[in-house]
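Visitor: need the 3D shape of this:
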Amino acid sequence: MFFIAIFAAIFFVLVWQARLYRKRSFEELKCETRLSATEAFVGEDVYLFEQVRNTKRLPLPYLKVEDDLPDGLAFILYDTDEKTGRRTTRQVQHLQSIFALPGSSEISRRWRVRCLTRGIYHLDSLLLVSADVLGVATNSRRVDAAAENGETATLVVLPSAIDLEGNFTVSRYLSGDVVRNHCTISDPLRICGAREYTPNDPMNRINWKQTAAHGSLLVNIEERTLRERFNLILNMQSRGAERDPEIPSNPAAIEQCITVCASILDRVAAANLPMRLIVNTSPEGFPESVPVDEEGVGAKVLMTPVYEGRRDTLTALRVLAALPMRYSVNVDQLLAHIVEHPHAYAEEGSLILVTAYIDQQMLQVHELLRAKGISLIFYVTTAHNNVMNIPPDVEVYYKI
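Guide: From the prediction side, this is the model:
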């Protein structure tokens with residue numbers, strides 16, 4: 001009877017502690033995540049800080065924390081070769097950590113996270129798995145990992161600019177100032193030589209270095225330039241005929257288009273030129289969008305305000321980062337609407353179309369817009385083209 005009583009007591013204790021841990025493991029267990037930065041560019045690393053606090057007195061002999069990152073982010077782990085001592089890195093999206101957490105204690109961890117794809121990411125929860133002393137009763141729960149102020153860890157990954165000349169064929173003019181012999185306005189930033197001073201020349205054009213070298217007053221010869229303005233069209237379709245009426249079939253091609261748009265915006269901002277973004281995606285979620293029409297195609301197109309200079313570059317990049325992988329209208333419908341309302345889209349400038357493909361309809365739109373005094377320039381990011389011969393007067397930039 002004595003041994004039976006002992007076994008009964010042990011069995012009772014095991015059942016009791018299993019039920020206790022199953023019921024109270026996640027009570028007064030708080031998790032918090034925060035990021036070292038809220039914005040980063042593609043290719044950059046940020047730190048993810050995690051803190052798990054057990055504020056109750058009951059210790060947790062077994063606690064497993066599972067971290068999952070969304071597609072577009074990756075943990076950076078370092079491995080060391082025992083023989084050579086060489087360190088290597090690897091990227092993973094799922095991590096598991098197992099530790100014991102005594103009562104009224106906490107544990108803090110830091111992970112390096114690499115930004116792989118542009119987008120807006122929310123790191124708002126962790127998966128916790130707990131067990132009793134013997135590991136018999138396991139329990140799992142996904143807990144909210146918001147900070148004490150209630151804010152979730154949100155990371156905005158902005159698209160990075162690339163070298164357009166190194167990745168695309170050479171273009172005649174991308175954007176900015178174009179030299180014109182008949183222009184009446186000269187550009188003081190474009191100096192093409194020096195000449196003798198005349199009484200009609202303003203004093204601010206005197207080149208004092210050349211004057212000292214030659215011993216007579218010399219003034220700068222400034223090139224006469226014409227400032228051209230471009231609006232940027234982003235085609236969210238990867239093919240002319242998509243299988244899905246809203247989702248592009250080749251998201252990687254669209255991401256490449258977004259990267260090219262970011263590169264063009266970066267170059268235009270350096271020249272302090274105004275530019276709009278026009279995207280055939282829904283304007284919902286973009287309160288700054290300027291609708292062309294109250295209904296029809298114009299109401300389904302995202303058109304941003306005018307961005308100008310470095311001060312607006314980040315705003316434009318945030319719009320690119322927030323773009324959903326969807327299109328609201330067919331690009332042929334958008335281009336037809338542009339032909340019908342050219343000055344609403346092109347204003348007094350020209351248009352740049354960044355697209356994953358080029359087809360005959362686009363070339364026809366080029367001819368129609370040229371007849372109205374608007375030039376259309378193409379950036380093609382893939383080799384998926386439906387045109388055999390492109391006229392020599394059409395300016396196309398192909399991916400190298």
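Visitor: contacts, neighbours, all on C-alpha from now
Guide: OK.
Visitor: and Leu277, what are its bridge partners?
Guide: Beta-bridge partners for Leu277, by DSSP bridges, are Leu232.
Visitor: tell me, how many residues neighbour it?
Guide: When neighbours are defined as other CA atoms under 10 Å, Leu277 has 23 of them.
Visitor: ok, now which ones touch it?
Guide: Each residue near Leu277 by CA atoms under 8 Å, 6 or more residues apart in numbering is listed here: Asn231, Leu232, Ile233, Leu234, Leu302, Met303, Thr304, Pro305, Val306, Ala316.
Visitor: so of these, which ones are in strands?
Guide: Asn231, Leu232, Ile233, Leu234, Leu302, Met303 (DSSP state E).
Visitor: now the last one: how far from Met275?
Guide: By that I understand Met303. Distance of Met303 to Met275, computed by CA to CA, to the nearest Å: 11 Å.
Visitor: of these two, which one has the most company?
Guide: Met303 (26 against 23).
Visitor: pretty sure that one contacts Val279?
Guide: Yes - with contact defined as CA atoms under 8 Å, Met303 reaches Val279; the gap is 6.6 Å.
Visitor: what two of the ones in strands among the contacts of Leu277 are the furthest from one another?
Guide: Using CA to CA, the ones in strands among the contacts of Leu277 span at most 12.7 Å, a distance reached by Asn231 and Leu302.
Visitor: common neighbours of those two, please.
Guide: Common neighbours of Asn231 and Leu302 (CA under 8 Å, 6+ apart) are Leu277, Ile278.
Visitor: now tabulate the contacts of Leu277 in TSV and tack on distance to Cys115.
Guide: Output for the contacts of Leu277, formatted as TSV (distance: CA to CA, whole Å):
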residue	distance to Cys115
Asn231	29
Leu232	25
Ile233	26
Leu234	23
Leu302	26
Met303	27
Thr304	26
Pro305	28
Val306	28
Ala316	19
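Visitor: could you dump those into a markdown table and include pLDDT and distance to Ser140?
Guide: Converted to a markdown table, the contacts of Leu277 look like this (pLDDT from 0 to 100; distance: CA to CA, whole Å):
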| residue | pLDDT | distance to Ser140 |
| --- | --- | --- |
| Asn231 | 91 | 52 |
| Leu232 | 94 | 49 |
| Ile233 | 96 | 48 |
| Leu234 | 97 | 45 |
| Leu302 | 95 | 43 |
| Met303 | 94 | 46 |
| Thr304 | 94 | 45 |
| Pro305 | 93 | 48 |
| Val306 | 91 | 50 |
| Ala316 | 94 | 42 |
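Visitor: those residues, buried ones only, as a ChimeraX selection?
Guide: To isolate the buried members of the contacts of Leu277 in ChimeraX, using 16 or more other CA atoms under 10 Å:
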select :231,232,233,234,302,303,304,316
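Visitor: could you single out the nearest of the contacts of Leu277 to Ala40?
Guide: Ala316 (14.3 Å).
Visitor: so what's the closest one up against?
Guide: Contacts of Ala316 (CA under 8 Å, 6+ apart): Leu265, Leu277, Tyr307.
Visitor: for the stretch 1-150 of the chain, which residues score under the pLDDT cut-off?
Guide: Residues of the stretch 1-150 of the chain meeting the criterion pLDDT under 70: 148-150.
Visitor: could you redo the last one with a cut-off of 80?
Guide: Within the stretch 1-150 of the chain, the stretches with pLDDT under 80 are 1-5, 7-18, 20, 82, 85, 133-137, 146-150.
Visitor: can you give me the helices in it?
Guide: Secondary structure of the stretch 1-150 of the chain (DSSP state H, counting those that start in this stretch): helices at 2-24.
Visitor: buried residues in stretch 246-254?
Guide: Judged by neighbour count (16+ other CA under 10 Å), stretch 246-254 contains these buried residues: Glu246, Ile247, Pro248, Ser249, Ala253, Ile254.
Visitor: farthest-separated two in the residues you listed?
Guide: Farthest apart among the buried residues of stretch 246-254 by CA to CA are Glu246 and Ala253. That separation is 15.4 Å.
Visitor: closest to Gly349 out of the ones in strands among the contacts of Leu277?
Guide: Checking the ones in strands among the contacts of Leu277 against Gly349 with CA to CA, the nearest one is Asn231 at 7.3 Å.
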